[in-house]
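S.K.: Prediction below, plus the sequence it came from.
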Amino acid sequence: MSYSGESLGPVVLEAEKIRKRVQELGARIAKDYRGNTLHVIGILKGASIFHADLVRSIDLELSFDFIAVGSYGALTKTSGEVRILKDLDESLDGKHVLLVEDIVDSGLTLHYLLQNLRARNPGSLKVVALLNKPSRREIDVPVDYIGFDIPDEFVVGYGLDYNQRYRNLKDVCVLRVLGS
């Protein structure tokens with residue numbers, strides 16, 4: 001699958017490796033939150049597939065919600081401006097919240113979201129990210145659970161997109177965009 005001006009590069013993470021790691025993360029999260037009800041917030045749209053697989057691997061009573069933010073648009077680098085496109089449906093007051101992020105890159109989006117969510121008085125707030133790009137970090141942000149550290153490449157698949165495309169790839173692949 002390729003579009004004009006774009007080509008898929010090498011596979012960074014194969015679907016089976018992702019599946020196994022998500023199960024490991026789910027088991028660890030279930031152990032850490034045993035005895036508590038967990039409220040799992042997925043960040044739309046990129047984390048939607050990871051969120052769905054993760055909540056099915058957490059053997060606990062839980063609820064979930066979604067929030068949508070924007071900072072990329074049709075770019076391969078963040079614009080630095082973060083805005084909420086869809087807010088939560090429920091109060092976070094006193095809840096044990098786990099924020100599910102697809103990728104932590106510059107840290108700008110996650111920093112903004114954590115400030116916003118902390119102001120809503122959760123009982124606790126932790127972050128799980130499928131992918132982590134520490135080499136791109138501009139703001140130090142806490143990530144409590146990390147699926148994989150990856151190199152500084154623009155990646156798509158397993159929910160991650162470029163211009164709303166490639167989300168349905170089962171693997172995570174490098175995307176080459178001509179002219180960028």
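M.R.: Yes, it's here.

S.K.: Relative to Ala30, how far out is Leu114?
M.R.: Between Leu114 and Ala30 the distance is 23 Å, computed by Cβ to Cβ, to the nearest Å. For glycine as for every other residue, the C-beta is placed from the backbone atoms N, C-alpha and C.

S.K.: Check the gap between the residue nearest to Ser57 when sequence neighbours are not counted and Lys126 for me.
M.R.: If you skip the residues right next to it in sequence, Ser57 has Gly26 as its closest partner in space, 2.7 Å away by Cβ to Cβ, 6 or more residues apart in numbering. The span separating Gly26 from Lys126 equals 14 Å under the rule Cβ to Cβ.

S.K.: Low-confidence bits of this structure, can you list those?
M.R.: Across the chain, the ranges flagged by pLDDT under 70 are 1-3, 72-80, 179-180.

S.K.: 50 - rerun?
M.R.: Per-residue confidence for the chain (pLDDT under 50) gives no ranges below the cut-off.

S.K.: Number of residues surrounding the residue nearest to Ser57?
M.R.: By the criterion of other Cβ atoms under 10 Å, Gly26 has 20 neighbours.

S.K.: The one 3 residues further on too?
M.R.: For Ile29, the count of nearby residues is 24 (other Cβ under 10 Å).

S.K.: gap between it and Ala47?
M.R.: Ile29 sits 15 Å away from Ala47, going by Cβ to Cβ.

S.K.: that older thread, looking at this, the residue nearest to Ser57 is in a helix?
M.R.: Yes. If the criterion is DSSP: H, G, I helix; E, B strand; the rest coil, then Gly26 is within a helix.

S.K.: Give me the contacts around stretch 148-168.
M.R.: Residues lying outside stretch 148-168 but in contact with it, judged by Cβ atoms under 8 Å, 6 or more residues apart in numbering, are 1, 3, 6, 8-9, 12-13, 15, 18, 21, 45-50, 74, 76, 102-103, 130-136, 169-175, 177.

S.K.: List the ones among those residues that fall in strands.
M.R.: By the criterion of DSSP state E, membership of the contacts of stretch 148-168 in strands covers 6, 8-9, 12-13, 102-103, 130-132, 172-175, 177.
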